[in-house]
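Peer 1: Sequence first, predicted coordinates after that:
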Amino acid sequence: MEQDRYQRGWEKLKEIDGEAGERVIESLKDIAPDLGRYTIEFPFGDIYSRPGLDLKSREIATVAALTALGNAAPQLKVHINAALNVGCTREEIVEVIMQMTVYAGFPAALNGMFAAKEVFKERDEKGKKK
């Protein structure tokens, strides 16, 4: 059962986050491999794999939450990429971040927008238009 959970999570992580997610897990191997495993099993194996919301909706919610936190820029960048990977447009991401000015304030939204700008630039440089 646990192996199924891990495998389901690993496949979902690759589907959503691609190489960026794999790099996060790899970076934990030498210091906290259990945290990497928990990250695969719970968020991706359990939550992201649930029915009820499609991946695009889940990533919109995640981008909003990480923007509102205001202190999770590295994770926000991973999830902006993920949102694009699962079908969000750049315009939708910008609008989600704009919406956070109302609920999280201008500083959090500005930081989120700058993170989005960096992700969009990196993707442009790699030839990824979406």
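Peer 2: Thanks, I have the structure now.

Peer 1: How many residues are close by residue 124?
Peer 2: Residue 124: 10 surrounding residues under other Cβ atoms under 10 Å. Using the backbone N, CA and C atoms, a C-beta is placed for each residue, glycine as well.

Peer 1: check contacts around the residue most central in space within the chain.
Peer 2: Residue closest to the mean C-alpha point of the chain, counted by Cα atoms, centre = their mean, is residue 79 at 1.9 Å. Contacts for residue 79 (Cβ atoms under 8 Å, 6 or more residues apart in numbering) come out as 17, 59, 62-63, 66.

Peer 1: The longest helix seen in the chain packs against which elements?
Peer 2: Assignment by DSSP state H gives helix 2-28 as the longest helix of the chain. In this structure, helix 2-28 makes packing contacts with helix 33-39, helix 55-69, helix 73-85, judged by 3 or more Cβ pairs under 8 Å, 6 or more residues apart in numbering; DSSP states H and E.

Peer 1: right, so the ones you listed: which one is the most enclosed?
Peer 2: helix 73-85 (a mean of 21; mean count of other Cβ atoms under 10 Å).

Peer 1: angle of it against helix 2-28?
Peer 2: Using axes from the mean of the first three to the mean of the last three Cα atoms, to 10 degrees, the direction of helix 73-85 lies 120 degrees away from that of helix 2-28.

Peer 1: Check the offset of the helix or strand that helix 73-85 is followed by from the chain's centre.
Peer 2: Downstream of helix 73-85, the next assigned helix or strand under DSSP states H and E is helix 90-104. Distance, stretch centre to chain centre, for helix 90-104: 15 Å (Cα atoms, centre = their mean, to the nearest Å).
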